[in-house]
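Participant: With the sequence up front, the predicted model follows.
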There are 2 protein chains.
Amino acid sequence: MVVGSLSGADTDRVFHALADATRRDILIRVIRSGQSVSELARLYPMSFAAVQKHVAVLERAALVSKTRRGREQIVNGEVGALRRVSLLLDAYEEIWRQRVEQISAILDEE
Amino acid sequence: MVVGSLSGADTDRVFHALADATRRDILIRVIRSGQSVSELARLYPMSFAAVQKHVAVLERAALVSKTRRGREQIVNGEVGALRRVSLLLDAYEEIWRQRVEQISAILDEE
DNA sequence: CGAACCTACAACCATGTGGTTGTACGTTAG
DNA sequence: CTAACGTACAACCACATGGTTGTAGGTTCG
């Protein structure tokens, strides 16, 4: 069963994108305020190309988008995908809540 | 900066564990109701050992726990880790909200 | 124009991941 | 006790991932 509006593969991409500290850091920064790829690249102890790849992973997961500004490519946070996975996790918690409720009901019957 | 009570490596493990459709399915099932590893293994088109590995990934992420019941090992959902990553995502959305707010304030000044 | 800058992308390498099979061991049922 | 079941784990394989360097193209500045 698919929960919410995310296909399985989309969900895979979003969680995979979030499963790396550098990518989470990039995401927080660009959510706070859009930044160019080279601005981001200066922040981390790795090559420009490596940061470029991290941005590409976030982009494939629809967690960020890029827009040209002159010769720079500005990376911006996309809060929609974030909200969808957040709702997915809430759904998991809801299932848990139902389980606890059901167990309580059974205990009450006894 | 660390958000919430998760270290970076813990967060990596949780998101990585969630970045696979089989593992998410296992998680939903054991949250709904605890199941043995072999019960779970029967559900998926892969070997017992493969399912065992998926459970191990979920366990390392503290998303499930195992308890012996006779010769079976019962896998149960641990909703705590789930709640922590959910709060982390909420924090990201909050940063976004602040950004939007700040932009609105600047527009109001003009 | 020419130089510097920002980006894109290919090729390559080490390591991790997801799957397999096989073996071994504890536990329960008959 | 013996057989069957449930689990654990090692060894192995194909492929993805995260990093590197190098090359090339578009854009801005002097």
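Facilitator: That came through, no problem.
Participant: Would the lengthiest helix in chain A count as contacting chain B?
Facilitator: Once chain A is assigned using DSSP state H, the helix that runs over the most residues is helix A:79-109. Yes: shown here: helix A:79-109 in contact with chain B (C-beta under 8 Å from any C-beta of the partner chain) through A:79, A:82-83, A:85-86, A:89-90, A:92-93, A:95-96, A:98-99. C-beta here means a position set from N, CA and C on the backbone, and glycine is covered the same way.
Participant: same deal with stretch A:30-49?
Facilitator: Yes: contact of stretch A:30-49 with chain B is found when judged by C-beta under 8 Å from any C-beta, involving A:31-33.
Participant: How about that stretch and DNA strand D, touching?
Facilitator: Yes: among the residues of stretch A:30-49, A:46-49 lie within reach of DNA strand D under C-beta under 7 Å from any atom of the strand.
Participant: re the thing from before, would you list the buried entries among the residues of stretch A:30-49 next to chain B?
Facilitator: Among the residues of stretch A:30-49 next to chain B, those classed as buried by 16 or more other C-beta atoms under 10 Å in any protein chain shown are residue A:31.
Participant: give the contact list for the residue found closest to residue A:18 once you drop the neighbours it is linked to in the chain.
Facilitator: Once flanking residues are discounted, residue A:18 sits nearest to residue B:15: 4.3 Å by C-beta to C-beta, 6 or more residues apart in numbering or on different chains. Residue B:15 is in contact with A:15-16, A:18-19, B:85, counting by C-beta atoms under 8 Å, 6 or more residues apart in numbering or on different chains.
Participant: please redo it, this time with the cut-off set to 10 Å
Facilitator: A:14-20, A:23-24, A:85, B:61, B:85, B:88-89 (C-beta atoms under 10 Å, 6 or more residues apart in numbering or on different chains).
Participant: Show me what counts as buried in the lowest-mean-pLDDT helix or strand in chain A.
Facilitator: Here the helix or strand of chain A ranked lowest by mean pLDDT, DSSP states H and E is helix A:79-109, holding a mean of 91. By neighbour count, and taking 16+ other C-beta under 10 Å as the criterion, the buried residues in helix A:79-109 are A:79, A:81-86, A:88-90, A:92, A:95-96, A:99.
Participant: would you list those in TSV and tack on distance to residue B:107?
Facilitator: Shown next, in TSV, are these (distance: C-beta to C-beta, whole Å):
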residue	distance to residue B:107
A:79	19
A:81	26
A:82	24
A:83	23
A:84	28
A:85	30
A:86	27
A:88	33
A:89	33
A:90	32
A:92	38
A:95	42
A:96	42
A:99	47
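Participant: Name the spans of chain A whose pLDDT lies under the cut-off.
Facilitator: Low-confidence segments of chain A (pLDDT under 70): A:1-7, A:110.
Participant: circling back: return the subset of the residues of stretch A:30-49 next to chain B lying in helices.
Facilitator: Within the residues of stretch A:30-49 next to chain B, residues falling in helices by DSSP H are A:31-32.
Participant: Let's have the residues of stretch A:30-49 next to chain B in JSON lines, adding distance to residue A:108.
Facilitator: Shown next, in JSON lines, are the residues of stretch A:30-49 next to chain B (distance: C-beta to C-beta, whole Å):
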{"residue": "A:31", "distance to residue A:108": "45"}
{"residue": "A:32", "distance to residue A:108": "48"}
{"residue": "A:33", "distance to residue A:108": "53"}
